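Enquirer: Got a sequence here, can you build the structure:
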Amino acid sequence: MVDNRNLRIAYFNGTMVEGQDGVTRTLFKIVDFLKEKEIESIFFSPLFKKETTKKINIKKVSSIQLPFYKDYHIPIPKRNQLSFELDNFKPDILHFHSPCPLGQFAIKYAKSRNLPVVSTYHTHFPSYSKYYKVDFIEHFGWSYLRKLYNSCNAVFVPSKTIIDELQEHHFKNLIHLPNGIELKRFDQEFKNNNWKFKHRIRNKKALLFVGRLVWEKDLKVLIEVNKYLKKIRDDYVFVFVGDGPARFDLQKN
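Expert: Sure, this is the predicted structure:
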């Protein structure tokens, strides 16, 4: 058994911009836990802010920008450079959080050094195809993800529903690991109606959506629900909080 004080973990993700999405929020909670438990770690990502280097041991990975989504890049890991960094760090285990080329590299490196490699299944990418009218790539998406994740010693999945779907597609080594909720941050004592007055909502009910504004979150369903409700009542306001490529179209609706 490895003592926490001697445990060394290498993490890989497509972005480490704090607060950019749900995955990075989870990762920075892991960062807090690592510090608390005095666990040595190293992170690899193409995207992070300068101040992040003061918080964690993080290494820059070369990448190319996604033409349709500038907030994200496709990592292009230089195998020799990353292997050199990892050999110096001497990890006990590798953990990747996105099924990008960094995940492929993590698996290959782990196998070459006889190390365990695990992953967390955060994003249900195959389902995205229907939202961007490229349904024909869904089959290839499932094939790629199945091969990638089945190469891991374990795959942590936050949702039991997603586990059921992954098992239907012959994914293996799945472990249910739900994300926690910080109950102290969602306490009634924080309730304050001032923001409702500020945004002229006043005594109306607020139906709230919080998250990245991307179509794969079924935002079009919420738009249709809003249109329906407007026909039968006027005692509410739909509030969207977040940013993303769907923001402009949402503002028009």
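Enquirer: CA only for contacts and neighbour counts going forward, please
Expert: Noted.
Enquirer: tell me which residues of the element among helices and strands of the chain having the smallest mean pLDDT are tucked away?
Expert: Ranked by mean pLDDT, DSSP states H and E, the weakest helix or strand in the chain is helix 247-252, scoring a mean of 78. Neighbour counts using 16 or more other C-alpha atoms under 10 Å place Arg247 of helix 247-252 among the buried residues.
Enquirer: Also stretch 111-122?
Expert: The neighbour-count criterion (16+ other C-alpha under 10 Å) identifies Pro116, Val117, Val118, Ser119, Thr120, Tyr121, His122 as the buried residues of stretch 111-122.
Enquirer: Check whether the second one really touches Phe105, as I assumed.
Expert: No. Contact status for Val117 versus Phe105: not in contact, 10.7 Å apart, counting by C-alpha atoms under 8 Å.
Enquirer: low-scoring stretches of the stretch 101-250 of the chain, by residue?
Expert: In the predicted model, the stretch 101-250 of the chain carries pLDDT under 70 at residues 124-139.
Enquirer: One more pass at 80, please.
Expert: In the predicted model of the stretch 101-250 of the chain, residues 123-139, 186, 191-193, 202, 212, 214-216, 244-246, 249-250 satisfy pLDDT under 80.
Enquirer: Tell me where it has strands.
Expert: Taking DSSP state E, counting those that start in this stretch, the strands of the stretch 101-250 of the chain run over residues 117-120, 154-157, 174-176, 205-210, 236-241.
Enquirer: Please identify the most buried of those strands.
Expert: Comparing the strands of the stretch 101-250 of the chain by mean neighbour count (mean count of other C-alpha atoms under 10 Å), strand 117-120 comes out on top with a mean of 24.
Enquirer: Walking through the stretch 51-200 of the chain, point out its helices one by one.
Expert: Taking DSSP state H, counting those that start in this stretch as the criterion, the stretch 51-200 of the chain carries its helices at 79-89, 101-112, 138-149, 160-168, 194-198.
Enquirer: Pull the distance from the shortest one to the chain's centre.
Expert: Taking C-alpha atoms, centre = their mean, to the nearest Å, one finds the center of helix 194-198 at 31 Å from the center of the full chain.
Enquirer: Give me the residues contacting that helix.
Expert: Residues from elsewhere that reach helix 194-198 (C-alpha atoms under 8 Å, 6 or more residues apart in numbering): Arg202, Asn203.
Enquirer: For the buried residues of stretch 111-122, give me JSON lines that also has distance to Arg212.
Expert: Formatted as JSON lines, these follow (distance: C-alpha to C-alpha, whole Å):
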{"residue": "Pro116", "distance to Arg212": "33"}
{"residue": "Val117", "distance to Arg212": "29"}
{"residue": "Val118", "distance to Arg212": "26"}
{"residue": "Ser119", "distance to Arg212": "23"}
{"residue": "Thr120", "distance to Arg212": "20"}
{"residue": "Tyr121", "distance to Arg212": "18"}
{"residue": "His122", "distance to Arg212": "14"}
